[in-house]
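Asker: Predicted model follows, preceded by the sequence.
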Amino acid sequence: MDNHLHEILDKYVDSHTDDVSPLLQELAAETEKITGRSYWSIGKVEGKLIQLLIKILKPKRAVEIGTFTGYSALVIAEALPADGILISCENNEEFAEIARRYFIKSPYGDRINLKIGPALQTLRDIPDSGTGFVFIDADKPSYGKYFDEALRILHPGGLVFVDNVFWRNKIFKKRITNENARAIAAFNEKVKTENRVEKVMLSVRDGVYLIRKK
């Protein structure tokens with residue numbers, strides 16, 4: 001598919017998808033102003049997909065690996081049941097500080113428990129089989145380890161939502177030289193052969209993997 005058709009498709013999909021909240025729009029704008037990396041956030045279409053999945057699942061506990069400035073955390077928190085809680089893992093204090101400001105502004109911010117430090121350390125403190133939804137969007141070389149921990153903490157029927165599984169289309173090259181792309185390609189193969197889960201890969205944005213624990 002050429003770039004022009006990609007642009008047409010993206011605009012069409014965007015125009016036929018509900019808007020996110022004004023607070024999320026404000027956060028996206030500030031993230032771009034401060035970091036120049038608003039594209040690191042999941043965006044409207046992926047965000048609404050996550051919200052629909054969470055509203056169907058109704059998990060009491062969700063876990064996010066990679067907070068960045070808090071966009072995806074607020075997406076998840078808005079959709080959780082009133083008694084739901086999100087544990088969000090971030091290793092960068094500068095990004096976390098932006099996220100905290102917006103969590104305070106949000107009526108759903110009290111559903112978010114932000115954990116600063118290595119995500120694997122935080123994950124190991126979460127008990128087995130008590131989580132309903134896990135979102136993975138952090139350092140790509142660690143995706144396999146995050147996935148292993150996700151399977152441990154998820155209850156049967158729980159869902160893993162993994163972002164960036166196309167890694168800017170670099171995984172489709174005959175010879176993959178990019179380190180992150182190699183890590184993602186290896187992760188995709190790991191999930192493909194994992195028989196404890198059901199999975200579907202979708203060409204949403206930069207590719208997402210939806211994985212259900214049996």
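Answerer: Great, that's in hand.
Asker: Return stretch 207-214 as PDB; C-alpha atoms alone will do.
Answerer: Extracted C-alpha coordinates of stretch 207-214, given in PDB (Å, rounded to 0.1, in the frame of the first residue of the first chain):
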ATOM      1  CA  GLY A 207       0.500  -3.000  14.400                       C
ATOM      2  CA  VAL A 208      -1.100  -4.500  17.600                       C
ATOM      3  CA  TYR A 209      -1.200  -8.000  18.900                       C
ATOM      4  CA  LEU A 210      -4.300  -9.100  20.900                       C
ATOM      5  CA  ILE A 211      -3.500 -12.100  23.000                       C
ATOM      6  CA  ARG A 212      -6.000 -14.000  25.200                       C
ATOM      7  CA  LYS A 213      -4.900 -16.300  28.000                       C
ATOM      8  CA  LYS A 214      -6.700 -19.600  27.700                       C
END
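Asker: in that stretch, what counts as buried?
Answerer: Using 16 or more other C-beta atoms under 10 Å as the test for burial, stretch 207-214 gives 207-213. C-beta here means a position set from N, CA and C on the backbone, and glycine is covered the same way.
Asker: for the residues you listed, which one is nearest Ser142?
Answerer: Nearest to Ser142 among the buried residues of stretch 207-214 is Tyr209, at 15.2 Å by C-beta to C-beta.
Asker: before we move on, the earlier item: can you add distance to Thr67 and pLDDT and give the buried residues of stretch 207-214 back as CSV?
Answerer: CSV is the format used below for the buried residues of stretch 207-214 (distance: C-beta to C-beta, whole Å; pLDDT from 0 to 100):
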residue, distance to Thr67, pLDDT
Gly207, 21, 96
Val208, 18, 97
Tyr209, 20, 98
Leu210, 21, 98
Ile211, 21, 98
Arg212, 24, 98
Lys213, 23, 98
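Asker: With distance to Gly70 added, can I get these in JSON lines?
Answerer: Formatted as JSON lines, the buried residues of stretch 207-214 follow (distance: C-beta to C-beta, whole Å):
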{"residue": "Gly207", "distance to Gly70": "23"}
{"residue": "Val208", "distance to Gly70": "20"}
{"residue": "Tyr209", "distance to Gly70": "23"}
{"residue": "Leu210", "distance to Gly70": "23"}
{"residue": "Ile211", "distance to Gly70": "24"}
{"residue": "Arg212", "distance to Gly70": "26"}
{"residue": "Lys213", "distance to Gly70": "27"}
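Asker: Out of the residues you listed, which is nearest to Asp137?
Answerer: Val208 (9.6 Å).
Asker: beta partners of that closest one?
Answerer: On the basis of DSSP bridges, Val208 is bridged to Asp163, Leu202.
Asker: and it, what is it in contact with?
Answerer: Residues near Val208 by C-beta atoms under 8 Å, 6 or more residues apart in numbering: 46, 49, 161-163, 165, 201-202.
Asker: Look at the residue positioned nearest the centre of the chain and report its pLDDT.
Answerer: The residue lying closest to the centre of the chain (C-alpha atoms, centre = their mean) is Phe135, at 4.1 Å. As predicted, Phe135 sits at a pLDDT of 98.
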